[in-house]
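> Fold the stuff below for me.
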Amino acid sequence: MTIDLGMPAASEPPLDFGGAVLLVVDSIPPGRVMTYGGVAAELGSLGARAVGRVMATEGSSVPWWRVVRADGRPPAGHEAEALARYRAEGTPLRWVGNGRGPLDYRLELAVARWAPA
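Residues are numbered from 1 along each chain as shown. Take a look at the predicted model:
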């Protein structure tokens, strides 16, 4: 997937960084994930934190649970809700700690990581 932030068609407004982030996130298939840094890299940026800011302020309209931290942790503060979505989508998980709490899992990035073609 290539996101062109250049000249839009005459009838289309240009995409800003936030719009481009949301477009990439919306393209992540069920059961797959990208890291914040991966989304940024897809846009030719090193701004993983900027992706996080976009997701925190504008990300509720896209599958936000499919964007995870580099160590496989789900979005902070949304671990329990994300876990239910991962289970529903069959996203590969691995259990850490005692495996009993909503924070005791990570995404299996070696299997679940997705990169647009």
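
> which intervals of this structure have sub-threshold pLDDT?
Low-confidence segments of the chain, defined by pLDDT under 70: 1-14, 99, 101-102.

> For it, just list every one of the helices.
Using DSSP state H, the helices of the chain run over 17-26, 36-42, 48-58, 79-89, 109-112.

> Distance check, residue 93 against residue 31.
The spacing between residue 93 and residue 31, counted by Cβ to Cβ, to the nearest Å, is 11 Å. No exception for glycine: its C-beta is placed from N, CA and C like everyone else's.

> Out of the helices of the chain, which is closest to residue 98?
Counting by Cβ to Cβ, residue 98 lies closest to helix 79-89 out of those; the figure is 15.0 Å.

> Output the contacting helices and strands for the closest one.
Helix 79-89 is packed against strand 93-95, strand 105-107, with contacts defined by 3 or more Cβ pairs under 8 Å, 6 or more residues apart in numbering; DSSP states H and E.

> Just the buried residues of it, please?
Buried residues in helix 79-89, counting neighbours by 16 or more other Cβ atoms under 10 Å, are found at 79, 82-83, 85-86, 89.

> swap in stretch 50-68?
For stretch 50-68, a neighbour-count test (16+ other Cβ under 10 Å) marks 50-52, 54-55, 59, 62-68 as buried.

> which one of those residues is nearest residue 114?
residue 66 (8.0 Å).

> Leaving out chain neighbours, which residue sits closest to that closest one?
With sequence-adjacent residues excluded and distances taken as Cβ to Cβ, 6 or more residues apart in numbering, residue 66 is closest to residue 28, at 4.3 Å.

> next one: residue 61
Spatial nearest neighbour of residue 61, chain neighbours left out: residue 22 (7.0 Å); criterion: Cβ to Cβ, 6+ apart.

> Disregarding residues adjacent in the polypeptide, which is nearest to residue 43?
For residue 43, ignoring the flanking residues on the chain, the nearest one in space by Cβ to Cβ, 6+ apart is residue 20 at 5.3 Å.

> which ones are touching residue 69?
For residue 69, the contacting residues are 35-36, 75-76, by Cβ atoms under 8 Å, 6 or more residues apart in numbering.

> If anything else comes up later, I'll come back, but that's it for now.
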